[in-house]
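> Here you go, sequence then predicted model.
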Amino acid sequence: MDKNSIKEALKKLKESSKKRNFKQTFDLIINLRGLDMKKPDQHVDIYVPLHYSKGKPIRICAFAGPELKEEAGKVCDTTVFVDDFSKYQKDKKLTKKLAQEHDFFIAQATIMPKVAQVFGKVLGTRGKMPNPKAGCVVPPKASLQPLYERLQKTVNAKAKVQPVIKCAVGIEEQSDDEIIDNIMTIYNALIHKLPNEEHNVKSILLKLTMSKPVEVK
């Protein structure tokens, strides 16, 4: 795959897609082969920082102790203070609502055991637990603004059950160059994590929210 093949797929996709009354998202679909998804060591779960945004704001929630409370309140979209964990423990609907409304969760490292105890079941099944690989488990006195800005342009590319990766790479109003760059960044990061690199890639598709997929050849 190269930039020209992506550009051609984008052109076909735009020509064949009906106009909608909302800005559709471009979704990248990468079908994998030669991996045994029953083996955890062959799962894919990587965080890829992009050069461009995905076109939509990423909502971030912080779990904070007293040391991080003020900083998290200034930077993050939502802050859940450790003293308020009990109400979430009593009402799982609140936790599910929290999970639904946020894309990433940040946690103060010193309270991670409590975070896991209270939120682990709901966030874990959704793949949204604060993840050290994404830099989302932070020291008590961390500066959160750089992390917040980085997560706005971060994609979690994962395949754990089925050998397929699906992720948003932008929206219609973004330029082709931005979409292409985001796709190439994800692809290059992915193949270096696969045991046989590009030979583990079966096919690559691109689609809009309401369109049929187009193969990137």
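Right, received. Where do you want to start? Residues are numbered from 1 along each chain as shown.
> Tell me the pLDDT of A107.
For A107, the pLDDT comes out at 98.
> So it sits against P139, correct?
No: with contact defined as C-beta atoms under 8 Å, A107 does not count as touching P139 (11.0 Å). Where you see a C-beta, it was placed from the backbone N, CA and C, and this is true even at glycine.
> So between these two, which is more surrounded?
A107 (28 against 11; other C-beta atoms under 10 Å).
> Let me know whether P163 touches D36 as I believe.
No: with contacts defined as C-beta under 8 Å, P163 does not count as touching D36, sitting 9.0 Å away.
> Can you pick out the residue with more neighbours from these two?
P163 (19 against 10).
> so what's that one up against?
31-33, 35, 37, 202 (C-beta atoms under 8 Å, 6 or more residues apart in numbering).
> Identify the residue nearest it in space, chain neighbours excluded?
L32 (4.0 Å; C-beta to C-beta, 6 or more residues apart in numbering).
> repeat for I171
I171's closest residue in space is G55 (C-beta to C-beta, 6+ apart), at 3.2 Å.
> wait, what's in contact with that neighbour?
For G55, the contacting residues are 23, 25, 170-171, 173-174, by C-beta under 8 Å, 6+ apart.
> Let me know the pLDDT of it.
Note on G55: pLDDT of 89.
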